[in-house]
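*Asks:* fold the following for me, if possible:
(chains A and B)
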Amino acid sequence: MDVGTPRNRQLFSSSSSSALATPPTATKRSLLAAQIEQDPDLSSARRMQKSQAFESRMAKTSLERRLLAAEDAKRELESLVKEKEITIDRLEGDRRWLAEREQEARDEKERSEADWAQEKSTLDRNLRTVRSNFISLQATHADLEDEYATLQRTTSSAIASQKSSLSLLERKCSLLDEERDQLRALAQERAATIKELRDRLDEAEAEAGNTSRANAGDENWAVVRDELHRQTAYVRTLEQTNSRLNSELATYKARQQSVEVLKEEKRDLERKLRKAEEVRDRVVQLEGEVDAAKKEREEWAAFLNNPNAEPTFSTPTAITQTLSKLRLNYASLLEEHGSVSSSLALRTAELEDLSSRAAETFDRCTKLEVQLRREEDKATRRERRAALAEREVSSLKALLATYTAEEEAFTSRDGDGLDYDAQKSQRIEQLEGTVEELKIALNELEGLLEKAEKMGGGGGNRVDEEEVKMLIQAERESKAALAEELAQATAACSEQEAKIEALEQQLWELGVKIGAGNHVPRNIRVLQLQQNPAQEHFELRRDELERLKAENHKLLGRIGELESRGGGGSAGSSGGSEPMGWVPRESWDNLNQEKDALVDTVAQKEKRLLRLKQVFQAKAVEFREAVSSILGYKLAFQSTKVRLTSMYDLTASIVFDSSSGAGDVGTMKLVGVGNGGAGGPPQLEELMQFWVFQRQSIPCFLAALTLECYERTTMGRTAGWHQTLSEGGGGSGSGGDGSNPADSSAMDMTRTHS
Amino acid sequence: MPPASKQSQRGNITLKGSTALVTEFFKFAVNSILYHRGIYPADDFHMVKKYGQVVLVTQDLGLEKYIDNILQQVHEWLMSGTIKQLVLAVIAKETRITLERWVFDIHLQEPPTTSDGKPAPPKPESEIQSEIRAVIKQIVASNTFLPTLNEPTVFNILAFTENADIPTEKWVDTDAHAIEPSKAQQVKLRSFDTQLHKIEAMVAYRYDA
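*Replies:* Numbering: from 1, shown residues only, chains lettered A, B, ... in the order given. Reported below is the predicted structural model:
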């Protein structure tokens, strides 16, 4: 292609050159014209073509012109554009400068703004503080105003009070002034009066002096003096008596005191006297006693002195006698007492009797009273009745009188009133008869009533009471009995209730039992429909089971049959280890199928494996060839060894054995080093020494060996080595056996695989 | 004599009516239990309006026929007054253990053969229906406390009769399908009565704590 393209270009260029070669057209045109003449149709077509060509040329020229004009315009425009660009550049520069300015301005502005903000914040803060100050000041101002107001108020009030007090004081002052003036006036007045009085006194004194002096011998004065004298004398006497009486009074007072004391003493003494009298009485008694005792003693003494003396009253015998007498007396008195007490008892009994009798009588009395009341009632009733009867009688009499009067009147008037009268009298008689009858009836009724009352009252009451009492008693007894019965019944009831509860519990339990179907009453039959779902289900199951059992049985029979027919050895397919080893047809088929499937899969697997092996072998060959062609060694992998054979010297083969050494240590064995190489071994030694022992690099050693072998082959080729090459191949085979003499020069080397 | 015969007739009529009511109740009660306890698949049931509420009735022909057969006989026994109890037992398919027993005690309140006694004013049917509705609602609500039936179950209806005429070709004696006494729990449900029959419902169930 690269070669082809220039040629094509050449072709194109030649064609374009031919197309551009327009000048020889003039000659051709004549020809064409001739042809046109020959063929008018063609010529017209040509003409048209020509005219078209001309038009096209004209158009082209015009277009070219336009193009030129356009180019000019373009150039102008370009220049313009350039100018514009220049201006734009300039403007851009300006703009940049302006932008910088703007940036600066902005920066400055930002800075100023920041400053401003800072300032503003500080100012704000200041403002805030100022405001707070202001507020606090306002508050203080308000406080102060308040204080001021209060103070004003207090001061005004104080002023007012003071004013009022002042006015008060002024008033007082004025009052006092007035008073003072008054007092002064009064004082003056008084002073004046005093003076006047003094004057008058003086005058009077003077007058008195004058008068005394003038009337010295006046009688008045003598009388007065006498009188005075008398009076003074009287007064003196009076005073004297007074003093005397006073002294007397003192004495009397003293006496009085003594009298009091005496009285006291007297009272004391009286008390003592009373005691003394008591004592005297006692003393008298005691003296009497003593006298009696003395007398007795004397008697006793006399008796003792004269035991034979006649027993007097005062002798012991007399005493005994008196004693016995006294005893007798006592006995009699006792008797008397007994009789009296018995009589008393009798009397008390009598009294009781009497009291009971009295009670009885009282009872009777009350009864009698009741009766009396009844009688009185009766009497009053009778009286009333009598009164009624009397009234009736009187009315009847009155009636009669009127009748008689009428009768008289009638009789006096005319004679035929007799009949009437007779009629009347008859009627009256009749009426009287009826009255009598009524009275009789009334009496009868009263008698009946009395009887009834007697029957109802009197003796009937007591009987009723007793009856009632009896009844009440009976009722009480019956009530007690009933109460007892009731208590028993309630006890029984509670017992029964408890029993009922227990029974209910039991009933519930039994109900549960019955509900759960654990108990069926004796005469109850439990029935079910013969064809019920449960039955059907279980029958179905049973049928199935039975079918299976039958099948099993049959199969067992069949096995037995087969065994008996085929013997024990016929169970070949399953090994015959079990006597029941007969396999059903289906399972055998199943197994067969399975087996076939398995065989198929195995075949497929084997095929795949084969393929893999082939591919692997091919790859291995390829790999080995590649390695040998690249590295110059033929590799032969054995179980644990790798055998390397140089391409250039088939006798030179090296074996790496990884199994001989322990761990990661492998053994390199130089098997053979060619046959014809004269300087082989020493060189090999050198190489080995240099690469393996010093540099520790086997690849380099191998490369060096390859180089060596190659040089030798070329050297051998030049020195007729070609012939000996085939011999070397045989030698290599002998070297592989290990019986090669070079084997002696084989060296064992160890190297650690890094 | 005419009034007595009329009375007896009337008594017969009420007995018939009562028996019909009770039989019908059994039908719906059994269907409700079968549906709500999931003994038959829910698809087999269709809704029917009864007692002023919706009840579900089976469409399974076999089951329908079975229930009808039973109820026919129960009707006869009710008429003769020889049935004492009707029990629906729910049985586990695998183990044959009775899991639930729905017991309907039937009490005769008046011996149906005698027409003596004063006829009480008849109980309005609406009242009876409301009572039946309450019982059915309780049956439905029993799902809340009954243990869930996790295993496949089958049911059987048992009739407890006393001195009854038994068509032996159809009915056979069986055991009472008792629940193990130590594991039995019982809940008494509502009851209803039609003056002649008093039906007391209750459910006993096996409960492994």
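*Asks:* which helix or strand contains the residue nearest the centre of chain B?
*Replies:* By CA atoms, centre = their mean, the mean C-alpha position of chain B lies nearest to B:Phe26, the distance being 3.6 Å. For B:Phe26, the host element (DSSP states H and E) is helix B:2-36.
*Asks:* next SSE after that helix?
*Replies:* Remark: after helix B:2-36, the chain's next helix or strand is strand B:45-50, criterion DSSP H and E.
*Asks:* so B:Pro122, which of the three states?
*Replies:* Classification of B:Pro122 using DSSP: H, G, I helix; E, B strand; the rest coil returns coil.
*Asks:* is it true that it touches B:Ser18?
*Replies:* No - the pair B:Pro122 / B:Ser18 is not scored as a contact, 10.2 Å apart, by CB atoms under 8 Å. Just so you know, the C-beta spots here come from the backbone N, C-alpha and C atoms, and that holds for glycine as well.
*Asks:* the more surrounded of the two?
*Replies:* Legend: neighbour count by other CB atoms under 10 Å in any protein chain shown for B:Pro122 and B:Ser18, higher for B:Ser18 (23 against 12).
*Asks:* flag every residue of chain A that's near chain B.
*Replies:* Residues of chain A lying close to chain B by CB under 8 Å from any CB of the partner chain are A:511-518, A:520-521, A:523-535, A:537-538.
*Asks:* quick check: neighbours shared by B:Pro122 and B:Ser18?
*Replies:* Taking CB atoms under 8 Å, 6 or more residues apart in numbering or on different chains as the criterion, B:Pro122 and B:Ser18 both touch B:Gln195.
*Asks:* which of the residues of chain A next to chain B fall within strands?
*Replies:* Judged by DSSP state E, the subset of the residues of chain A next to chain B located in strands is A:524-529.
*Asks:* what's the most distant pair in these?
*Replies:* A:Ile524 and A:Leu529 (17.2 Å; CB to CB).
*Asks:* how near is A:Leu326 to A:Asp72?
*Replies:* 210 Å (CB to CB, to the nearest Å).
*Asks:* quick revisit: pull out the buried members of the ones in strands among the residues of chain A next to chain B.
*Replies:* Among these, those classed as buried by 16 or more other CB atoms under 10 Å in any protein chain shown are A:524-529.
*Asks:* a markdown table please, covering those and showing pLDDT.
*Replies:* As requested, those are exported to a markdown table (pLDDT from 0 to 100):
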| residue | pLDDT |
| --- | --- |
| A:Ile524 | 83 |
| A:Arg525 | 83 |
| A:Val526 | 85 |
| A:Leu527 | 85 |
| A:Gln528 | 85 |
| A:Leu529 | 83 |
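*Asks:* out of those residues, which is nearest to B:Asp60?
*Replies:* Set against B:Asp60, the nearest of those by CB to CB is A:Leu529 (15.7 Å).
*Asks:* does the residue nearest to the centre of chain B really touch B:Gln73, like I thought?
*Replies:* No - here B:Phe26 does not reach B:Gln73: they are 11.2 Å apart, not a contact under CB under 8 Å.
*Asks:* so where's chain A uncertain?
*Replies:* A:1-42, A:210-219, A:306-318, A:410-421, A:453, A:456-464, A:566-583, A:658-682, A:715-754 (pLDDT under 70).
*Asks:* now do the helices in it.
*Replies:* Here chain A has its helices, by DSSP state H, at A:4-20, A:25-38, A:40-214, A:219-305, A:316-413, A:417-456, A:459-515, A:533-566, A:585-631, A:680-687, A:698-718, A:721-737, A:742-745.
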